[in-house]
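Asks: please work out how this folds:
(one chain, ligands or ions: 1)
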Amino acid sequence: MADLLDCRLALVFPASRVLRGLALLSTVALAPAVATAAGDTVALSIDAAKPGARIDRNLFGQFAEHLGTGIYEGVWVGPDSPIPNTRGIRNDVVAALKAIKVPNVRWPGGCFADEYHWRKGIGKDRPGTLNPNWGGVVEPNSFGTHEFMDFVDQIGSEAFVSVNIGSGTPQEAAEWLEYLTTDQPTALGKERAANGRPAPYKIAYLGLGNESWDCGGNMTPEYYVRQMTIYSRFVRNFNPAQRDANKMLRIAVGPGGGEPRWTEWTDTVMKAWKGRQWSWDMEGLSLHNYTVIKWPPAYASVGFGEKEYAEILKKTLEMDGLIKTHAAIMDRYDPEKKIALVVDEWGAWYAKLPGSQDGFLAQQNSQRDAVLAALNLNIFARHADRVRMANIAQMVNVLQAMILTDKAKMVLTPTYHVFRMYVPFQDATFVPVAFDAGWYTQGDVALPRVDAMAAKDASGTLFLSVTNLDPNRPVTITASVSGMKPRSVAGETLTAAKVDSVNTFDAPTAVAPKPISAKVEGGTVTLTVEPRSVTVVSVKP
Ligand code: AHR
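Replies: Reported below is the predicted structural model:
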């Protein structure tokens, strides 16, 4: 299956772009792919009057697991730390995350969630427990429920809490939600108040287990459905402010890859949902997909060449086919698209950094990851009618992180910069872009030379993202815009000296966005983008 996908992506991707373009703009004749690829110009056609789905801001969500130094060190240093903090949470990390307007944070896992017992993480006495999934280290439980809620509050985000279905009980999860959300003077409500929080918390999203087919309990789809429906019934949100508007959305475990067992999983869960009784429901189905060539991950996160760059990008583009496959199954049971597809774990997973601890999933983050992030965000935006939430793995110090920390030092990664540049796409309206991407080839890997995605905000400003996958050739973009009169254009671009350029604690701004010059003339926006770059421009009417 994976091989077939590889083949299809390598051989057909540019052609499918042409087909999509023709479907979107049936009156526009596009030049054949090869002719465009030979030139240094790619023509885009944008009809700003043809709006699509809303690009939900939740597509830019984060995932923060108790794993390695993702929470401890990365977020939590404790109130007595010399590292500047507010109630134990690092001020530098909070400021950086505020700037990318994180819409939601998924916590506490991951595999960790299905072994997490929330009572260990409240109150004064916090017992040390084990974290068997991730290095077998001691989990101090000093970052628990109140600390997480304080953290999302400090960064201005929403809580996405995953409950323990694998090794917990419905009672334990139900009591956690009562503790978090009741405004009544129950024992749990009083306990929360005694622990410093009289008012109920808002829990916007609830994960009903994690990877229950694997680390979350090795369940069959049928067994999972039985468990999940029990949790869906009893794990209630009692916050009066979430009764009608702002209802908590429940996200069931979904597929985790391209094998047939995953289509069976999606089919079983969706079929159960279609035949549901009044007593349970769900609002989202999760999908996990990491960019990894093969398990265990062997590709290096730094110190690689163009071959690995191209291979990883080819692999990451499989996200599109995966979403299409599962969205098609969902359409059969839910043609009105009530259930969101939630890609709540995605990103590049490379070999661990030499010298780093086993199970900590520490990796560097390069310009390749910036390009990879943009390609995935563009895919999500194109499927915005069904994909309404996504969470990159993971927020700090783990896998494809936004931020790396080393004691008091912090560095922003190339991926972070893409998330910052994409902020205007949050809740904007998707606008179709027709183009012939042309080819970039490396050995036997053929990739679209460019990718482009556009959206319009409430004020009528058009935002255009252009990704130049070609690591060697700049490309001039001519975007002819109809449906609005473009008057001015400005923006920024992110590129780097090499595909594996990274930011380090000694050189934290080696990869950083810079302004790009672009012009508007007679309804056409023109700009030249550098090799291996991600660019976002705003076009004002
Ligand atoms: O993100 C690391 C791990 O990857 C998560 O804990 C798990 O859900 C997935 O397998």
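Asks: what is the one residue in the stretch 251-400 of the chain that gets nearest to the ligand paired to in the beta sheet?
Replies: Nearest to the ligand in the stretch 251-400 of the chain, going by CB to the nearest ligand atom, is residue 393, at a distance of 4.3 Å. Bear in mind the C-beta positions are built from the backbone N, C-alpha and C, glycine included. Counting by DSSP bridges, residue 393 forms beta bridges with residue 63.
Asks: which ones are touching it?
Replies: Residue 393 makes contacts with 63, 65, 290, 345, 346, 347, 349, 399, 400, as judged by CB atoms under 8 Å, 6 or more residues apart in numbering.
Asks: how much space separates the closest residue to residue 540 other than its chain neighbours from residue 266?
Replies: Once flanking residues are discounted, residue 540 sits nearest to residue 488: 4.8 Å by CB to CB, 6 or more residues apart in numbering. Distance of residue 488 to residue 266, given as CB to CB, to the nearest Å: 45 Å.
Asks: try residue 507
Replies: To residue 266, residue 507 is 44 Å away according to CB to CB.
Asks: who has more neighbours, those two?
Replies: Ranked by neighbour count (other CB atoms under 10 Å), residue 507 and residue 266 place residue 266 first, with 23 against 11.
Asks: now do the phi/psi pair for residue 260.
Replies: Backbone dihedrals for residue 260, given as degrees, to the nearest 10, come out at phi -60, psi -30.
Asks: element containing residue 264, please.
Replies: Residue 264 is part of helix 260-274, with elements assigned from DSSP states H and E.
Asks: do the same with residue 45
Replies: Counting by DSSP H and E, residue 45 is found in strand 41-47.
Asks: now do that strand, average pLDDT.
Replies: Averaged over strand 41-47, pLDDT sits at 97.
Asks: for it, packing partners?
Replies: strand 433-435, strand 450-456, strand 462-468, strand 475-482 (3 or more CB pairs under 8 Å, 6 or more residues apart in numbering; DSSP states H and E).
Asks: turn the ones you listed into JSON lines, including mean neighbour count and mean pLDDT.
Replies: Output for the helices and strands packed on strand 41-47, formatted as JSON lines (neighbours: other CB atoms under 10 Å; pLDDT from 0 to 100):
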{"stretch": "strand 433-435", "mean neighbour count": "24", "mean pLDDT": "97"}
{"stretch": "strand 450-456", "mean neighbour count": "24", "mean pLDDT": "98"}
{"stretch": "strand 462-468", "mean neighbour count": "26", "mean pLDDT": "98"}
{"stretch": "strand 475-482", "mean neighbour count": "19", "mean pLDDT": "98"}
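Asks: how about the ones you listed in a markdown table, adding distance to the ligand?
Replies: Converted to a markdown table, those look like this (distance: least, CB to the nearest ligand atom, whole Å):
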| stretch | distance to the ligand |
| --- | --- |
| strand 433-435 | 32 |
| strand 450-456 | 25 |
| strand 462-468 | 25 |
| strand 475-482 | 34 |
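Asks: for the nearest residue to residue 197 once chain neighbours are set aside, phi and psi?
Replies: Once flanking residues are discounted, residue 197 sits nearest to residue 146: 6.2 Å by CB to CB, 6+ apart. As for residue 146, its main-chain torsions (degrees, to the nearest 10) stand at phi -70, psi -40.
Asks: is residue 146 in contact with residue 124, as I believe?
Replies: No - at 11.6 Å, residue 146 does not count as touching residue 124 under the criterion of CB atoms under 8 Å.
Asks: ok, these two, which is more surrounded?
Replies: residue 146 (18 against 5).
Asks: could you list which residues are in contact with the more buried one?
Replies: By CB under 8 Å, 6+ apart, the neighbours of residue 146 are 122, 195, 196, 197.
Asks: ok, the residue nearest to residue 505 when sequence neighbours are not counted to residue 531 distance?
Replies: In this structure, residue 505 finds its nearest non-sequential neighbour in residue 409, 4.7 Å apart by CB to CB, 6+ apart. Going from residue 409 to residue 531 by CB to CB gives 30 Å.
Asks: ditto for residue 358
Replies: 36 Å.
Asks: do a quick rundown of the helices in this protein.
Replies: All helices of the chain, identified by DSSP state H, fall at 2-24, 33-38, 91-99, 145-155, 170-181, 187-194, 221-234, 260-274, 306-316, 318-333, 367-382, 414-421.
Asks: ranking those by burial, who's on top?
Replies: Highest mean neighbour count among the helices of the chain (mean count of other CB atoms under 10 Å): helix 367-382, with a mean of 26.
Asks: show me what it is packed against.
Replies: Against helix 367-382 (3+ CB pairs under 8 Å, 6+ apart) you get helix 306-316, helix 318-333, strand 340-348, strand 387-393, helix 414-421, strand 450-456, strand 462-468, strand 533-540.
Asks: follow-up on the earlier one: between residue 409 and residue 531, which one's more packed in?
Replies: For residue 409 versus residue 531, the count of surrounding residues by other CB under 10 Å is larger for residue 531: 17 against 13.
Asks: could you report the pLDDT at that one?
Replies: 97.
Asks: contacts for stretch 370-379?
Replies: 59-60, 291, 312-313, 316-317, 319-320, 323, 346-348, 390, 392, 400, 414-415, 417-419, 422, 425, 451-453, 465, 467, 469, 494, 496, 511, 532-534.
Asks: mind running it again at 7 Å?
Replies: The contact list for stretch 370-379 (CB atoms under 7 Å, 6 or more residues apart in numbering) reads 59, 291, 312-313, 316-317, 319-320, 323, 346, 348, 414-415, 417-418, 422, 451, 453, 465, 467, 469, 494, 532, 534.
Asks: distance between it and the chain's centre?
Replies: Mean-position distance between stretch 370-379 and its chain equals 10 Å (CA atoms, centre = their mean, to the nearest Å).
Asks: give the rounded mean pLDDT of it.
Replies: Across stretch 370-379, the average pLDDT comes to 98.
Asks: try stretch 507-525
Replies: 97.
Asks: what about it, how long is it end to end?
Replies: One end of stretch 507-525 to the other measures 34 Å (CA to CA, to the nearest Å).
Asks: return the set of buried residues in it.
Replies: Of the residues in stretch 507-525, 511, 513, 516, 518, 520, 525 count as buried by neighbour count, 16 or more other CB atoms under 10 Å.
Asks: report the contact partners of the fifth one.
Replies: Contact analysis of residue 520 by CB under 7 Å, 6+ apart lists 486, 487, 488, 489.
Asks: in these, find the pair that's most separated.
Replies: Spanning the widest gap among the contacts of residue 520 are 487 and 489, at 8.6 Å by CB to CB.
Asks: who has more neighbours, these two?
Replies: residue 489 (21 against 9).
Asks: skip the chain neighbours and tell me the closest residue to whatever residue of the stretch 1-150 of the chain ends up closest to the ligand.
Replies: Closest residue of the stretch 1-150 of the chain to the ligand, CB to the nearest ligand atom: residue 110 (2.8 Å). Excluding the flanking residues, the one nearest residue 110 by CB to CB, 6+ apart is residue 65, at 3.6 Å.
Asks: which ones are touching the one you found?
Replies: 108, 109, 110, 112, 394, 398.
Asks: residue 303 too?
Replies: Counting by CB under 7 Å, 6+ apart, residue 303 has contacts residue 500.
Asks: picking up where we left off before, report all helices and strands that the helix holding residue 264 contacts.
Replies: Counting contacts by 3 or more CB pairs under 7 Å, 6 or more residues apart in numbering; DSSP states H and E, helix 260-274 packs against helix 221-234, helix 318-333.
Asks: so is it next to the ligand?
Replies: No - under the criterion of CB under 6 Å from any ligand atom, the ligand is not reached by helix 260-274; the shortest gap measures 13.6 Å.
Asks: of all the contacts of residue 146, which comes closest to residue 435?
Replies: For those, the nearest to residue 435 is residue 197 (51.0 Å; CB to CB).
Asks: if anything else comes up later, I'll come back, but that's it for now.
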